[in-house]
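> Here's my sequence, what's the structure:
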Amino acid sequence: MSFDLGPALLFCPADRPERYAKAFDRADAVILDLEDAVAPADKTAARGHLIESELDPARVIVRVNPPESDAFVADLATLSQTDYRRIMVAKSESPKRIGRIDARFEVVALCETAKGVAQADRIAALENVVAMMWGAEDLVASIGGTSSRKPNGRYRDIARYARSRVLLAAGARGKAAIDAVHLDIADAKRLAIEAADAAASGFRATACIHPGQVAVIRAAYRPDEKTVTWARAVLAAADGERGVFSYDGRMVDEPVLRHARGVLARAGA
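I've put the predicted structure just below:
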């Protein structure tokens, strides 16, 4: 199983069917949310909207409620009546529970609690897990904190640790990693900085909560022309070389060549 939908994944409340098409058209993939975005009293109606929707399932993820909840059972029963087979499991914590999810579904494990982050390595190892994502706000709340960010907008150390741990767990198992949402919709500058860092660090995508954030994320993941030119040139220079060689005053070995291939992959070249 593979996961390569593009860099910008847009959340859309599942109880707002009038927004489905716009979210789907604006982003690389849409995450229809049955969990936190939907009030408990509205979840049944939201499930009905999912059954009636006609989006291309190849570009849809459905965020379902935590496996420990009764709502999770209802969510999967609903999805069994649709063509949607990729789910994001909110508050993923138990490898056993996630491993027992119906094999028809591909799982994006959302590690957003202290327990979930602590279990990230074991969760990423599961065969039905295709991608890992982390979340900051629920994580900090789960350990008694009040904010994932400092007054200057940067993540606190505990959030940065969780981000790194989930990324490493995903990478160790060959799974995709998705970076957390940026809640301050007006702060496009910080979003651009974090999305660029996510791309350079190895995240496959960044989730977002507003259509206006999509273009910022796409631009951040897209290498600039200078970097693309370097990648093409260094790979061309590698033809006929054996082992380590020098290019433009810099030592080049296989890790550098892998970086160059990754640049071209993100550029779509």
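> Give me the outermost residue of the protein relative to its centroid.
Going by CA atoms, centre = their mean, the residue of the chain most distant from its centre is residue 240, 37.8 Å out.
> Which strand or helix spans that one?
Under the criterion DSSP states H and E, no helix or strand holds residue 240.
> Find the residue closest to residue 75 in space, skipping its chain neighbours.
residue 64 (4.0 Å; CB to CB, 6 or more residues apart in numbering). C-betas here are computed from N, CA, C, even on glycine.
> tell me the contacts of that neighbour?
Contacts were defined as CB atoms under 8 Å, 6 or more residues apart in numbering; by that measure residue 64 touches 34, 35, 71, 72, 75, 76, 79, 87, 88, 89, 90.
> Now tell me what touches the helix or strand hosting the fourth one from outside.
Following DSSP H and E, the helix or strand that holds residue 72 is helix 70-79. Applying CB under 8 Å, 6+ apart, the set of residues contacting helix 70-79 from outside is 34, 40, 43-44, 47, 50-51, 62, 64-66, 85, 87, 101-102, 105.
> Go again with 6 Å.
The contact list for helix 70-79 (CB atoms under 6 Å, 6 or more residues apart in numbering) reads 34, 47, 50, 64, 65.
> Mind listing the strands the helix or strand that that helix is followed by pairs with, and their directions?
Next along the chain after helix 70-79, taking DSSP H and E as the criterion, comes strand 86-89. Pairing partners of strand 86-89, with direction, according to DSSP bridges: strand 60-64 (parallel), strand 106-111 (parallel).
> State the mean pLDDT of strand 86-89.
Averaging pLDDT along strand 86-89 gives 98.
> Do you know the pLDDT at the closest residue to residue 198 other than its chain neighbours?
Leaving aside its sequence neighbours, residue 198 sits nearest to residue 179 (CB to CB, 6+ apart; 4.1 Å). With respect to pLDDT, residue 179 scores 98.
> where in this protein is pLDDT low?
1-2, 269 (pLDDT under 70).
> returning to that earlier point: and the strands paired with strand 86-89 as CSV, adding distance to residue 221?
Shown next, in CSV, are the strands paired with strand 86-89 (distance: least, CB to CB, whole Å):
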stretch, distance to residue 221
strand 60-64, 18
strand 106-111, 18
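> Nearest to residue 12 among these would be which one?
strand 60-64 (9.7 Å; CB to CB).
> how far away is the nearest residue to residue 91 once chain neighbours are set aside from residue 101?
Using CB to CB, 6+ apart and skipping residues adjacent in sequence, the residue nearest residue 91 is residue 66, 4.2 Å away. Distance, residue 66 to residue 101, using CB to CB, to the nearest Å: 12 Å.
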